[in-house]
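quick one: sequence plus predicted model below, questions after.
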Amino acid sequence: MCEWLEVISRVNMSVLVRFAPSPTGFLHVGNIRIALVNWLFAKAIGGSFLLRIDDTDTKRSELRYVEQIKEDLSWLGLVWDDIKFQSKRMDRYDECKDFLIKSRRLYPCYETKEELEVRKKLLLKSKKPPIYDRAALRLAENEVKKLEQEGRRPHWRFFIDHSEKIVLKDEIKGDVIFDPSKISDPILIREDGSMTYIFASVIDDIDFNITHIIRGEDHLSGSAIHANLFKALGAAQMPNFAHIPLMRSKYGEISKRYGSIFGIKSLRESGISAKAIINLLAKLGTCDEVNYSYGVKDLISQFSFKKFSQSCVLYDEDELTKLNEKVMHNMPYKEALILMKDFDFDISEEIWEAAKSNISNIRDILLWKRICQEKLMPKILDIEYTMGVSEILPEEPWDSNTWQELLSKTKKLFNKKGKELFLPIRLALTGVDDGPELQKLLPLIGRKRCYERLRGNES
């Protein structure tokens, strides 16, 4: 068992964490980093990982996004132990709403958005915190009746308990203390009857016995509200929290708006491997170095909240590209076959082993398949020279020694050296000025193609 487990305050409980994406768009690297940390923590301590689909926004939630979320997580190896859908729990949320109303922790408010905005500006102008003043609680019965006759429908605010400070047990930040009097009563139910994220989330966390809530530090202030709501709903025990420092990019915020840059689906389609994504995101913001060679078991055994920094971390897509390149260079053929299925590739093991050290992502291997097996218009620098080389090609069968044999003959006959010796041959045979060693490529291209290309013909 890992030595860092002494920091977990509930070692005798069955650990359960959750990842709760909204199916209103595709997952991006920011989402996956949170999912990955939850998953690694759960697996490191022998716990379970719940996938909760937050699909209460019926106007924006789409089934295609649900399916893509599941596909992305599966592709990355983040397999869930159970899955829940918030849209199937509406009766339960209504039940909790009624309970909070009866216990006077949820109260109706009739201010319009415009009125609330004016109050907020006045408070800020007076250099006061923009906290709701609970004016709705001071309305007389006839005033409420008048507002309703005007057609106003209430939104419902949660009454924050100011009697004691809120203390969160945070695995990264330690104990975080909030003064509840400085927290504005949040809206849990909107005018149209729809609920905000906080309400349904806390109910689910209680009902599903979530032991640890792990998310970005931008949710820290919201967690103080969650803590108050847990008590109001009669939770037997508060979950532990872990607020991870945010991840940003050179463009600023990482969001669904930049799907082509940060989206998991887009990265997969571009040829980036799951292994590179997982290895980078698992180590960003920790004291560990990023390493291309870590497998899932390594990442689980190395996981510790103690390793996380308190500072915002930078996600650099160039770093991911370079890491993916290292993954490709060291990838066994069996693993490569799995990646190739995404693109319906049919690449032989011989081509893979010859060319993998010269590719950045899985799609690049297609170039070397074409060079070895398909027609190619050669690039000719010196036709007399390359035609001369074509006449001294060794007879087949060819092997890894054929290139040295040909090179030795060429040096003697043409009195060339350095680039003048090999570059015209490489360009004629491959069409590019760098790549795998010709001793590896010649047997794969074959004598007939080499002969035609050296003579300037399309092979």
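Structure received. Since we're looking at a predicted model, the values are computed, not measured.

helix, strand or coil: sort out residue 79 for me.
Assigned with DSSP: H, G, I helix; E, B strand; the rest coil, residue 79 falls in the coil class.

scratch that, residue 108
With three-state DSSP as the basis, the three-state label of residue 108 is strand.

pretty sure it contacts residue 134?
No - counting by Cβ atoms under 8 Å, residue 134 is not a contact partner of residue 108; they are 12.0 Å apart. For every residue, glycine as well, the C-beta is placed using N, CA and C.

the two: which is more packed in?
Using other Cβ atoms under 10 Å, the more surrounded residue of residue 108 and residue 134 is residue 108, with 18 against 14.

tell me what the more buried one is bridged to.
Counting by DSSP bridges, residue 108 is bridged to residue 156.

likewise for residue 249?
Beta-bridge partners of residue 249, as defined by DSSP bridges: residue 252.

and it, how far is that from residue 189?
35 Å (Cβ to Cβ, to the nearest Å).

mind listing what the closest residue to residue 271 other than its chain neighbours touches?
Nearest non-adjacent residue to residue 271, counting by Cβ to Cβ, 6 or more residues apart in numbering: residue 361, 3.1 Å away. Contacts for residue 361 (Cβ atoms under 8 Å, 6 or more residues apart in numbering) come out as 270-273, 321, 324-325, 328.

show me which of those residues are buried.
Neighbour-count burial (16 or more other Cβ atoms under 10 Å) applied to those gives 271-273, 321, 324-325, 328.

which residues in this structure form strands?
For the chain, applying DSSP state E gives strands covering 16-19, 48-53, 82-85, 106-109, 155-158, 166-170, 174-178, 187-189, 212-216, 240-244, 247-248, 313-314.

tabulate these (TSV), appending distance to residue 67 and mean pLDDT.
Converted to TSV, those look like this (distance: least, Cβ to Cβ, whole Å; pLDDT from 0 to 100):
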stretch	distance to residue 67	mean pLDDT
strand 16-19	16	98
strand 48-53	11	98
strand 82-85	12	97
strand 106-109	35	98
strand 155-158	33	98
strand 166-170	34	92
strand 174-178	37	94
strand 187-189	30	96
strand 212-216	24	96
strand 240-244	27	95
strand 247-248	26	90
strand 313-314	30	90
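
redo those strands as JSON lines? Include distance to residue 281.
What follows is those, written out as JSON lines (distance: least, Cβ to Cβ, whole Å):
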{"stretch": "strand 16-19", "distance to residue 281": "13"}
{"stretch": "strand 48-53", "distance to residue 281": "16"}
{"stretch": "strand 82-85", "distance to residue 281": "22"}
{"stretch": "strand 106-109", "distance to residue 281": "38"}
{"stretch": "strand 155-158", "distance to residue 281": "34"}
{"stretch": "strand 166-170", "distance to residue 281": "21"}
{"stretch": "strand 174-178", "distance to residue 281": "24"}
{"stretch": "strand 187-189", "distance to residue 281": "33"}
{"stretch": "strand 212-216", "distance to residue 281": "13"}
{"stretch": "strand 240-244", "distance to residue 281": "11"}
{"stretch": "strand 247-248", "distance to residue 281": "8"}
{"stretch": "strand 313-314", "distance to residue 281": "10"}
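
for residue 356, which of these is the nearest?
Of all those, it is strand 313-314 that lies closest to residue 356, at 29.0 Å by Cβ to Cβ.

so where's this protein uncertain?
Within the chain, the segments meeting pLDDT under 70 span 1-13, 255-260, 459.

farthest residue from the center of it?
For the chain, the largest distance from the centre (Cα atoms, centre = their mean) belongs to residue 413, which lies 57.5 Å off.

if we can go back for a sec, out of the strands of the chain, which is the most enclosed?
Ranked by mean neighbour count, these are led by strand 16-19 with a mean of 24 (mean count of other Cβ atoms under 10 Å).

quick one, domains of this structure?
10-90+194-248, 92-98+106-164+180-189, 375-454 (automatic domain parsing).

now distance to residue 351 too, for the ones you listed, in CSV please.
Formatted as CSV, these follow (distance: least, Cβ to Cβ, whole Å):
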stretch, distance to residue 351
domain 10-90+194-248, 24
domain 92-98+106-164+180-189, 56
domain 375-454, 6
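
need the winner for burial among these.
domain 10-90+194-248 (a mean of 19).

and that one, how far out from the chain's middle?
Its chain's C-alpha centre and that of domain 10-90+194-248 lie 14 Å apart, by Cα atoms, centre = their mean, to the nearest Å.

likewise stretch 334-345?
Centre-to-centre, stretch 334-345 and its host chain are 21 Å apart (Cα atoms, centre = their mean).

in that stretch, what's buried?
336, 339-340, 345.

for it, list the C-alpha coordinates in PDB.
Only the C-alpha atoms of stretch 334-345 are listed here, as PDB (Å, rounded to 0.1, in the frame of the first residue of the first chain):
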ATOM      1  CA  LYS A 334       1.200  -4.700 -31.000                       C
ATOM      2  CA  GLU A 335       0.300  -1.400 -29.400                       C
ATOM      3  CA  ALA A 336       0.600   0.400 -32.800                       C
ATOM      4  CA  LEU A 337      -1.900  -2.000 -34.300                       C
ATOM      5  CA  ILE A 338      -4.500  -0.800 -31.800                       C
ATOM      6  CA  LEU A 339      -3.900   2.800 -32.700                       C
ATOM      7  CA  MET A 340      -4.000   2.000 -36.400                       C
ATOM      8  CA  LYS A 341      -7.600   0.700 -36.100                       C
ATOM      9  CA  ASP A 342      -8.800   4.300 -35.600                       C
ATOM     10  CA  PHE A 343      -7.700   5.100 -39.100                       C
ATOM     11  CA  ASP A 344      -8.200   1.700 -40.800                       C
ATOM     12  CA  PHE A 345      -4.500   1.400 -41.400                       C
END
